[in-house]
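1. how does the following fold in three dimensions:
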Amino acid sequence: MIALHDRPPAVLAVATAVAGALVALVLGLLTFGVQATAHPDGVPLAVAVGADAPPQLRGIADRVVNAGSAEVSWRVSTPDRTRDLLSRQEVYGVLELAPGGATVVLSGAVNPSGTQVAQQVLGAVAQGAGLQARVVVLDPASAAGRTAPLAASALLWIGGLVAGAAFTRLARRPDVPSRLVGIAAATALGVGVVAGLVALWDPALPLGWAVLGYLALVGAAFALVQGALLRLLGLRAMAVLAPLYLVAPAVAGQAPELLDPGYRALLWSWTPFRFSTEGLRALFQGGAPDAAQLWVPAALAAVGLVALLLPRQEAQPDLADGVVDVGVDEADRLPGAQREHTA
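-> The predicted model follows:
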């Protein structure tokens, strides 16, 4: 069989061009395609009307709900109830109707893309009803507070990935203990880098033990999974691990109701970045991660650790100089060496 490098240069040129086009196609579908096909689909919003509200306001609420479309999913309740739904992120915004006017209530703890859509829709509804609306933001988040959760997740992933790939490439005799030392070092340094950047971006953001501990859990989970795949597959694992870094900002940064249903099912549903991003967002807003945002990174860390500890020969990197390392016994069995011994 003819080796690939022995084929005519023209054939190689076409083959490499096809490979480049395929890579561009896949990355385009996984990154820019998410943004290009984004549209609202069942965005959860609420209309609040007090129990003693006049019939006119109740009529406005009924018209809003009855005129609903596939882009928005409406709920009607009292102001206290709808604000509770907002605090639990079951809705992205609330339109409170009162005799003196309307109030658009938002929350800094909600995904920023969902908040943006909620403000636009609720403001348009109030304007269409002839009401002057003011905007109230509960637990407001700064620009850094909106950016840091996703940025931290992506930086922890890329830091562990570069460290693991460099170790796989450079280490002559990689073993499990040395990998674990590298994973621990990469996690600690990654948490330090993220914490330093967050403090630089916004000193008011909390960086207590809860935040640092969660960053360490996420960083360790990412590094353990990466280390396990690099141990099993060698640098071939980069074909899977590197594109995940590109997918993270496009998918995890969006509210699921703004993603195309196909991307929501194929990418958003399982990507670990969305759990770490929303968990960090909750911590930065003074809350706590929910159960899934804790057990998903913990499960990833456990799976990665088990895969690392399973008895298996390390995938050896190719030697840069092309020299094959043979032992003394193997060298003694070469024909030339046997003739020398005979003499």
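2. okay, CA-based contacts and neighbour counts for the rest of this
-> OK.
3. with just CA atoms, put stretch 152-172 into CSV.
-> Extracted C-alpha coordinates of stretch 152-172, given in CSV (Å, rounded to 0.1, in the frame of the first residue of the first chain):
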residue,chain,number,x,y,z
ALA,A,152,-13.6,31.2,33.9
SER,A,153,-14.9,27.9,32.6
ALA,A,154,-13.2,28.4,29.2
LEU,A,155,-9.9,29.4,30.7
LEU,A,156,-9.8,26.5,33.1
TRP,A,157,-10.4,24.2,30.2
ILE,A,158,-7.7,25.7,27.9
GLY,A,159,-5.2,25.9,30.8
GLY,A,160,-5.6,22.2,31.6
LEU,A,161,-5.6,21.2,27.9
VAL,A,162,-2.4,23.0,27.1
ALA,A,163,-0.6,21.6,30.2
GLY,A,164,-1.8,18.0,29.4
ALA,A,165,-0.9,18.1,25.7
ALA,A,166,2.5,19.6,26.4
PHE,A,167,3.2,16.9,29.0
THR,A,168,2.1,14.2,26.6
ARG,A,169,4.4,15.6,23.9
LEU,A,170,7.5,16.2,26.0
ALA,A,171,7.5,13.4,28.5
ARG,A,172,9.7,10.4,27.5
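4. i'd like the first residue to be 26 from this point on
-> New numbering, starting at 26: the last item is stretch 177-197.
5. now that stretch: buried residues?
-> Across stretch 177-197, burial judged by 16 or more other Cα atoms under 10 Å covers 177-190, 192-194.
6. in terms of secondary structure, what does the strand or helix carrying residue 298 contact?
-> Assigned by DSSP states H and E, residue 298 belongs to helix 297-309. Taking 3 or more Cα pairs under 8 Å, 6 or more residues apart in numbering; DSSP states H and E as contact, the helices and strands that helix 297-309 lies on are helix 168-195, helix 234-258, helix 263-277, helix 316-334.
7. rerun at 7 Å
-> helix 168-195, helix 263-277, helix 316-334 (3 or more Cα pairs under 7 Å, 6 or more residues apart in numbering; DSSP states H and E).
8. for those, which has the smallest mean pLDDT value?
-> Lowest mean pLDDT within the helices and strands packed on helix 297-309: helix 263-277, at a mean of 82.
9. next SSE after it?
-> Scanning forward in sequence from helix 263-277 by DSSP H and E, the next helix or strand is helix 286-288.
10. returning to that earlier point: contacts made by the helix holding residue 298 with the rest, please.
-> By Cα atoms under 7 Å, 6 or more residues apart in numbering, the residues outside helix 297-309 that reach it are 134, 170, 174-175, 178, 230-231, 236, 243, 273, 277, 313-314, 318.
11. residue 294: which of those residues is nearest?
-> residue 277 (9.8 Å; Cα to Cα).
12. list the contacts of the closest one.
-> 293, 298, 299.
13. how close does the nearest residue to residue 255 once chain neighbours are set aside get to residue 250?
-> Once flanking residues are discounted, residue 255 sits nearest to residue 262: 5.6 Å by Cα to Cα, 6 or more residues apart in numbering. Residue 262 is 11 Å from residue 250, where distance means Cα to Cα, to the nearest Å.
14. ok, now residue 299?
-> Counting by Cα to Cα, the gap from residue 299 to residue 250 is 16 Å.
15. residue 110 now?
-> Shown here: residue 110 relative to residue 250, a distance of 36 Å by Cα to Cα.
16. and the two? Which one has more around it.
-> It is residue 250, of residue 110 and residue 250, that has more neighbours when counted by other Cα atoms under 10 Å, with 23 against 19.
17. nearest residue to the more buried one other than its sequence neighbours?
-> residue 329 (4.3 Å).
18. how many residues are close by the one you found?
-> For residue 329, the tally of surrounding residues (other Cα under 10 Å) stands at 21.
19. residues in contact with residue 219?
-> Residue 219 makes contacts with residue 177, as judged by Cα under 7 Å, 6+ apart.
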